[in-house]
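[1] fold the following and give me the result.
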Amino acid sequence: MKITVRFFATLRDRAGRDSASVELEGEATIAALLKRLAEEYPPLKPALGTALVARNHEYAFPDDPLDDGDEIALFPPVSGGSDREDGWPEYFAITSDELDLDAIAAAITRPETGAICLFVGKVRGLTELPDSRRRTDHLLYEAYRPMAEKKLRQVAAEIRERYPKVQGIAVVQRIGKLEVGDTTVLVGCSAGHRNDGVFEGAHYGINRLKEIVPVWKKEVGPDGSAWVEGHYRPTPQDVEPHQQMAVPDGAAAPFSVGCPECGEYTPYYAAHSLKCACGRPFEVLNTPPFDRSAIAGETFSMWRYRAMLAPPDVEPVTLGEGWTPLVPVQVNGRTVHLKLESLNPTGSFKDRGASLLASILRASGIGSVHDDSSGNAGAALAAYAARAGLSARIFVPAYASPVKRAQIALYGAQLEEVPGPRSAATRAAQQAAESGDSYYASHVYNPFSVLAYKSLAYELWEQLGHRAPDVIIAPLGHGTQILGLAEGFEDLFRAGLIERRPALIGVQARACAPLWRQYHPGAAGTGTVSEGETVAEGIRILNPVRAGQILAVIKRSKGDIIAVEEEAILGGLRELAKYGIAAEPTSAVVWPALEQIMETQPEDALIALSITGSGFKTPGLETLLQHTDNANA
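    Below you'll find the predicted structure:
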């Protein structure tokens, strides 16, 4: 078959051409085409992993089949009218012309119109960065026009779905050379009244345009020029429903495990590898969208969301994990919500991941498992392995809490104490995996552990009266909880159940803060990161496996990463106890972070703290408390 490929922006620069004709044999797929392009155009290869693909003007994915004569477009992540049958006006344009705002407003006005909101984007001449300023002379905008026009209409359709009282909609994107001060983009909504969703609709529309409309910009300034690429990667849910292609037999079924970069996948019950050949940890692909009607209201555990968490043929291995209390407390006259994950069956949030992972492994016919852990994840896996009838072996640092070690042994798991830092236990577990004696049920690598933490987002939404927090503060080590929260709130946002995603704030101990250093390179200095000793042993992680994903979701949420000193952690332990909360030191890191950000938040901001583990597992608690008393004396 013969396929026409069009290249845009950075992909065109790498290929050295605008288009190419490619001959493929047999039943070819998008993945096969990308492989051929990497062979024929080597400079393209580094960019193909993040490139977006469109087939005949609609987003396409690695397993999608190709037909003779298809037009394929390759482009980087997005940076940035007529009357309907029901009579409400719409106006769409991809244009290089200057925009007449009054004329566009008039185009979406009817006699019933009482309010219009226009969002207008402008070319900035100066961009403030964390440690510098960047000047811009002008921008060059480019679009994949046939597809962009379709996606403008999709944005409007999504606005109407979420804000049904909106009447008229305008979505306009300018292209070509735009000078400082020029209008770049416009999203407008009209309705009978200002409270009918015009503000919210315009806000949603511009955010969605920046995600799915194939438009890119090149910034040109005194120091040269550079293409600006976004970070959002469209999913099959971003394809308009009537245009989604059927998945052929053998392709990625719901809950398959695979690599979003390479397009490799396997059914969940046959997924025995930890990561793709490219080095990226696997993810769960093609999960169902959040369905409010699918919540099992009679179930008060994380399995009330079973339809969104596991294939229907997987029976839960459960000890009643999830649906943990959300306790409001008053802090300096303001309400802060404490999510008590410490009250899960084994005393930590890791029970969610262990429950789903044990369920998947039992359904997959696996009988023996092992993992490495600083304590909580090991205790959780040991408990749920016992519940599922699996044998378990847990590798822990020799310095791990003796209470947690005893807990692991109590559940019948074989305990392997490894001298040295936390990373030594990981190496020992990986070596055990190479022997093939048991399955490496890694709470970090295995994507079902991350998937389970979506339930935490769903619960917060329900417990807050179907609202999302404005800010969530959580300890940050390997970051699986942060990733699960981000994915869960993304599901709720996609379902139109929340207006915005929460800001995610991860907290690390200053003694071992690799992600904080990456997120704040200037403030963190230039020294090397060490796996220093800290009372917050649960987040003493020097090389987080999913670091890139964590940094991306925190940045996208407009959140932050904060590092706190040991004295502040111990102070947080004491402060939480004043509210009747016995938290382990790893959980206590959230309190000094709260104190840092409290004054930057509006008074009515909804703030939630994740109390991830129980203080009853903390050895020498009396000594720690005496230390804080002496420090405060």
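
[2] tell me the bridge partners for F119.
    Under DSSP bridges, the beta-bridge partners of F119 are V187.

[3] could you list the low-pLDDT ranges of this structure?
    50, 77-87, 129-132, 227, 229-252, 263, 266-273, 523-528, 621-622, 624-633 (pLDDT under 70).

[4] how does it divide into domains?
    2-75, 82-236, 292-319+350-446, 453-632 (automatic domain parsing).

[5] so for V327, which of these sits nearest?
    Among the domains of the chain, the nearest to V327 by C-beta to C-beta is domain 453-632 (7.7 Å). Every C-beta, even on glycine, is put in place using the N, C-alpha and C of the backbone.

[6] export the domains of the chain as CSV, with columns for mean neighbour count and distance to C259.
    Shown next, in CSV, are those (neighbours: other C-beta atoms under 10 Å; distance: least, C-beta to C-beta, whole Å):
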stretch, mean neighbour count, distance to C259
domain 2-75, 17, 9
domain 82-236, 17, 13
domain 292-319+350-446, 21, 12
domain 453-632, 20, 13
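
[7] just put the ones you listed in CSV and tack on distance to L343.
    As requested, those are exported to CSV (distance: least, C-beta to C-beta, whole Å):
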stretch, distance to L343
domain 2-75, 40
domain 82-236, 34
domain 292-319+350-446, 10
domain 453-632, 7
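
[8] identify whichever of the ones you listed lies nearest to A253.
    Using C-beta to C-beta, the nearest of the domains of the chain to A253 is domain 292-319+350-446, at 8.5 Å.

[9] check the offset of the helix or strand hosting A386 from the chain's centre.
    In the assignment (DSSP states H and E), A386 maps to helix 376-388. On the basis of C-alpha atoms, centre = their mean, to the nearest Å, helix 376-388 is displaced by 26 Å from the centre of the chain it belongs to.

[10] would you mind measuring the gap between the ends of stretch 436-445?
    End-to-end distance of stretch 436-445 (C-alpha to C-alpha, to the nearest Å): 17 Å.

[11] just so I have it, where are all the strands in the stretch 301-450 of the chain?
    Along the stretch 301-450 of the chain, the segments classed as strands by DSSP state E, counting those that start in this stretch run 326-331, 334-340, 368-372, 391-397, 414-418, 439-440.

[12] what packs against the shortest one?
    Counting contacts by 3 or more C-beta pairs under 8 Å, 6 or more residues apart in numbering; DSSP states H and E, the secondary-structure elements packed against strand 439-440 are strand 368-372, helix 422-435.

[13] let's see it at 7 Å
    Counting contacts by 3 or more C-beta pairs under 7 Å, 6 or more residues apart in numbering; DSSP states H and E, strand 439-440 packs against strand 368-372.

[14] C-alpha coordinates for the strand it packs on, PDB please?
    What follows is strand 368-372, C-alpha atoms only, in PDB (Å, rounded to 0.1, in the frame of the first residue of the first chain):
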ATOM      1  CA  SER A 368       4.800 -16.500  43.900                       C
ATOM      2  CA  VAL A 369       5.700 -12.800  44.100                       C
ATOM      3  CA  HIS A 370       8.500 -10.600  45.500                       C
ATOM      4  CA  ASP A 371       9.100  -6.900  45.900                       C
ATOM      5  CA  ASP A 372      11.500  -4.400  47.400                       C
END
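
[15] mind listing residues that contact that strand?
    The contact list for strand 368-372 (C-beta atoms under 7 Å, 6 or more residues apart in numbering) reads 361, 377-378, 381, 385, 390-395, 425-426, 428-429, 432, 438-443.

[16] state which helix of the chain is the longest.
    helix 145-162 (DSSP state H).

[17] can you list the strands that the helix or strand just after that helix pairs with?
    Using DSSP H and E, the helix or strand that follows helix 145-162 towards the C-terminus is strand 168-174. Within its sheet, strand 168-174 is paired with strand 89-95 (parallel), strand 183-191 (antiparallel), according to DSSP bridges.

[18] what lies in contact with the last one?
    Residues lying outside strand 183-191 but in contact with it, judged by C-beta under 7 Å, 6+ apart, are 99, 104-105, 108-109, 113, 115-123, 141, 159, 165-174, 178, 197-198, 201-202, 205-206, 209.

[19] and if we set it to 6 Å?
    Contacting residues not belonging to strand 183-191 are listed as 99, 108-109, 113, 115-121, 123, 165-174, 178, 198, 201-202, 205-206 [C-beta atoms under 6 Å, 6 or more residues apart in numbering].

[20] likewise for the first one?
    Residues outside strand 89-95 that contact it (C-beta under 6 Å, 6+ apart) are 81-83, 107-108, 143, 145, 148-149, 152, 156, 168-174.

[21] do the same with stretch 214-233
    9-10, 75-80, 135-144, 147-148, 173, 211, 552.

[22] coming back round to it: export the strands paired with strand 168-174 as TSV, with columns for distance to N286.
    Output for these, formatted as TSV (distance: least, C-beta to C-beta, whole Å):
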stretch	distance to N286
strand 89-95	31
strand 183-191	30
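
[23] minimum distance to T29: which of those strands has it?
    Smallest distance to T29 across these (C-beta to C-beta): 29.8 Å, for strand 89-95.
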